[in-house]
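J.: below: sequence and its predicted model.
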Amino acid sequence: SKTFIVRASAGRLDFGEILTHFGAAFLPLELETILHSSGLDSFEILNPQLELIVHSGMTDMQLYLSGTPVITGWAGATLNSVLVRNGTSKTVMAAGFEFADTTLAVLLQLLSGLDVTGISLLDQATKAAVIVAPTSFPGVSLYGDLLREMPIVPGASLVGVSKIPLDCAGALPCALAKATLGSGND
């Protein structure tokens, strides 16, 4: 069994064109309308880095793609995605977005349009990430500080790094986290 790896970079790429070119499924059906309105299925990627890994017989492949997504309201995000084709099965794409200085409340608002500010645990995050995928990707992980440990499952998965506030102001999720972990912990 032989494996070939090709690495490349470019000035910019169109994410939607990559999906079209490979005929890849990306947005989970149950979230398609919400995520489409967020601009997640068609955006430019600045300074993209690509790594194509082709396995035995040219039928199995992974295309890793990273760069800076240009999506309205998503300043400071980093894209890490993987496109997978196994044999003759459908080609699918999972995309992860990491934010260095964004709270989970802001990320939820970007994705859904819902204002969830005021929930202390969501407002305290110093880093946040989301993975969007139409199906599970067993044995495959994304690059990135927060993304590499997250399983790729159908839907939109969110994770954040947050300090637990000293005063939870009666918020149950915060109080549970504080009782379990203590306050001021990362």
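T.: Right, received. Where do you want to start? Residues are numbered from 1 along each chain as shown.

J.: list the buried ones in stretch 64-84?
T.: Within stretch 64-84, the residues scored as buried using 16 or more other C-beta atoms under 10 Å are 64-71, 74, 77-84. Yep, even glycine has a C-beta here, placed from its N, CA and C like the rest.

J.: same question for stretch 160-172.
T.: Burial within stretch 160-172, assessed by neighbour count using 16+ other C-beta under 10 Å, is assigned to 160, 162, 164-165, 168, 171.

J.: could I get the full set of helices for the chain?
T.: With DSSP state H as the definition, the chain shows helices at residue ranges 15-22, 32-37, 104-112, 120-123, 172-181.

J.: Val153 is nearest to which of the ones you listed?
T.: Using C-beta to C-beta as the criterion, the shortest distance between Val153 and the helices of the chain is 15.1 Å, found for helix 32-37.

J.: elements contacting the closest one?
T.: With contacts defined as 3 or more C-beta pairs under 8 Å, 6 or more residues apart in numbering; DSSP states H and E, the packing partners of helix 32-37 are helix 104-112.

J.: could you redo the last one with a cut-off of 10 Å?
T.: Using 3 or more C-beta pairs under 10 Å, 6 or more residues apart in numbering; DSSP states H and E as the contact criterion, the elements in contact with helix 32-37 are helix 104-112, strand 155-162.

J.: of all these, which lies closest to Phe97?
T.: Between the helices and strands packed on helix 32-37, helix 104-112 lies closest to Phe97; by C-beta to C-beta that is 8.4 Å.

J.: please save the CA atoms from that closest one in PDB.
T.: Output of helix 104-112 as PDB, limited to C-alpha atoms (Å, rounded to 0.1, in the frame of the first residue of the first chain):
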ATOM      1  CA  LEU A 104     -19.000  31.000  22.900                       C
ATOM      2  CA  ALA A 105     -21.900  33.500  23.100                       C
ATOM      3  CA  VAL A 106     -20.600  35.400  20.100                       C
ATOM      4  CA  LEU A 107     -19.900  32.200  18.200                       C
ATOM      5  CA  LEU A 108     -23.500  30.900  18.800                       C
ATOM      6  CA  GLN A 109     -24.800  34.300  17.600                       C
ATOM      7  CA  LEU A 110     -22.700  34.100  14.400                       C
ATOM      8  CA  LEU A 111     -24.000  30.600  13.700                       C
ATOM      9  CA  SER A 112     -27.700  31.000  14.700                       C
END
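
J.: ok, now which ones touch the nearest residue to Leu40 once chain neighbours are set aside?
T.: Counting by C-beta to C-beta, 6 or more residues apart in numbering, Leu40 lies nearest to Val132, which is 6.2 Å off, once chain neighbours are set aside. By C-beta atoms under 10 Å, 6 or more residues apart in numbering, Val132 lies in contact with 26-28, 31, 35, 38, 40-41, 81, 93-97, 111, 152, 154-157.
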